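A.B. asks: 3D, please:
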Amino acid sequence: ILLIIFLYLFKTEALHIVALLLNGFLLSGVGILINAVRYQSIKTASLKTMENLKIKNELELKNKIIAEHLEKVKKDEKIKEEMFSQIAHELNTPLTIFLGNFNKVSQDKIIMKKYKKNIESVSRNLVRIKANIEKIFSLLRVDFQNDTENKEELININEIFKELKDDYIEFLTKEHIKLMIDNAECSEKVIMRKLDLRIILENLLENSIKFSKPGTIIKIGCITKQNLAGMYIEDQGIGIDTELEKHIYEKFVQGEDITKIRGMGLGLYIVKRIIDKYNGEIEIQSELNKGTRVTFYIKSQ
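C.D. replies: Numbers count the residues shown, from 1 in each chain. All right, here's what the predicted structure looks like:
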């Protein structure tokens, strides 16, 4: 009763007091809520920081392991490269000496008359062995890709074509195949290792010779496509089967219809690897029993 009388007599003041009390409660509640939210944010940020730090440490550890592994792989590859290079050298050097001496012996008319077929057979197989060793050595150069002896240089394509023709003229004459240079005044130039370009052209030319018949013509020339310098070798050989074209750049691939023609099936694999190294392109146009044209493109200068 006294409380009712008090509120009635002092209702304005009472309402003001109630309002103050409610305001105090509200402010306290909001403050508590803000503090709770702030605490949760700090806690979340701390957890996130700890998580990020953990991830960073894990990444650093993984990067260190990868770096150590790569270093070990490089060392192993270097050892492997030196070992295989030495093997190729040890095989190639005595074989070259033996072939030279054998050729001198074969020039003796009396010996040739008596053992002509045997000498020719031995000579062909010696040349074949030497070519295979050189092809393996080329493959090793491509696979290891740290040949420090041969630097990239500006190469005149026309000059390379003339060198190639001069180097193969004797062999082509024996096979009764003619080599023609299209676009004899080709002025295109490329920047690459000269050895790499020679390996590409020699493999393509040897393939054309291998699959061409006597009396046919092989053409080499250059073309341009946008900012690329293109080189091609075109023959009138047996051509490539459509099914074989799908696997033509794989190791040791040869067509069933050419098994009598000896080879390792590494030529186009090596060619493709080198062209890929220079971000180039290669395309093959072929028709059975009519011939093949292989064109490759390298960025021009």
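A.B. asks: where's Ile79, which helix or strand?
C.D. replies: Following DSSP states H and E, the helix or strand that holds Ile79 is helix 11-106.
A.B. asks: with Glu153 instead?
C.D. replies: Counting by DSSP H and E, Glu153 is part of strand 152-156.
A.B. asks: what's the next secondary structure element after that strand?
C.D. replies: Following strand 152-156 in sequence order, the next helix or strand is helix 157-174 (DSSP H and E).
A.B. asks: what pairs with the following helix or strand past that following helix, and is each one parallel or antiparallel?
C.D. replies: Sequence order places strand 178-181 as the next helix or strand after helix 157-174, per DSSP H and E. Sheet pairing of strand 178-181 (DSSP bridges) gives strand 217-225 (parallel).
A.B. asks: any buried residues in the strand it pairs with, and which?
C.D. replies: Ile218, Lys219, Ile220, Gly221, Cys222 (16 or more other C-beta atoms under 10 Å). (Each C-beta comes from the backbone N, C-alpha and C, glycine too.)
A.B. asks: which non-adjacent residue is nearest the fourth one?
C.D. replies: In this structure, Gly221 finds its nearest non-sequential neighbour in Asp182, 3.0 Å apart by C-beta to C-beta, 6 or more residues apart in numbering.
A.B. asks: please apply the same query to the last one.
C.D. replies: Computed as C-beta to C-beta, 6+ apart, the closest residue to Cys222 that is not its neighbour in sequence is Cys186, at 4.1 Å.
A.B. asks: what's near enough to touch that neighbour?
C.D. replies: Residues in contact with Cys186 (C-beta atoms under 8 Å, 6 or more residues apart in numbering) are Ile157, Asn158, Phe161, Gly221, Cys222.
A.B. asks: mind redoing it with 7 Å?
C.D. replies: The contact partners of Cys186, taken as C-beta atoms under 7 Å, 6 or more residues apart in numbering, are Ile157, Asn158, Gly221, Cys222.
A.B. asks: how much space is there between the closest residue to Glu153 other than its chain neighbours and Tyr269?
C.D. replies: Spatially, and ignoring its direct neighbours in sequence, Glu153 is nearest to Lys194 (6.1 Å; C-beta to C-beta, 6+ apart). Note on Lys194: its distance to Tyr269, by C-beta to C-beta, to the nearest Å, is 21 Å.
A.B. asks: between those two, tell me which one has more neighbours.
C.D. replies: Tyr269 (20 against 16; other C-beta atoms under 10 Å).
A.B. asks: can you tell me the helix or strand for the more buried one?
C.D. replies: helix 267-277.
A.B. asks: and after that helix, which helix or strand comes next?
C.D. replies: strand 281-287.
A.B. asks: just checking, what packs against the helix or strand immediately after that following strand in the chain?
C.D. replies: Note on strand 281-287: by DSSP H and E, the next helix or strand toward the C-terminus is strand 291-299. In this structure, strand 291-299 makes packing contacts with strand 189-193, strand 228-234, strand 281-287, judged by 3 or more C-beta pairs under 7 Å, 6 or more residues apart in numbering; DSSP states H and E.
A.B. asks: just the CA coordinates of strand 291-299, formatted as CSV?
C.D. replies: Extracted in CSV, the C-alpha atoms of strand 291-299 (Å, rounded to 0.1, in the frame of the first residue of the first chain):
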residue,chain,number,x,y,z
GLY,A,291,55.7,-39.8,-99.9
THR,A,292,55.9,-37.7,-96.7
ARG,A,293,56.4,-34.1,-95.9
VAL,A,294,57.5,-33.2,-92.4
THR,A,295,57.4,-29.5,-91.5
PHE,A,296,58.6,-27.9,-88.2
TYR,A,297,58.4,-24.4,-86.9
ILE,A,298,60.7,-22.5,-84.6
LYS,A,299,60.4,-18.8,-83.5
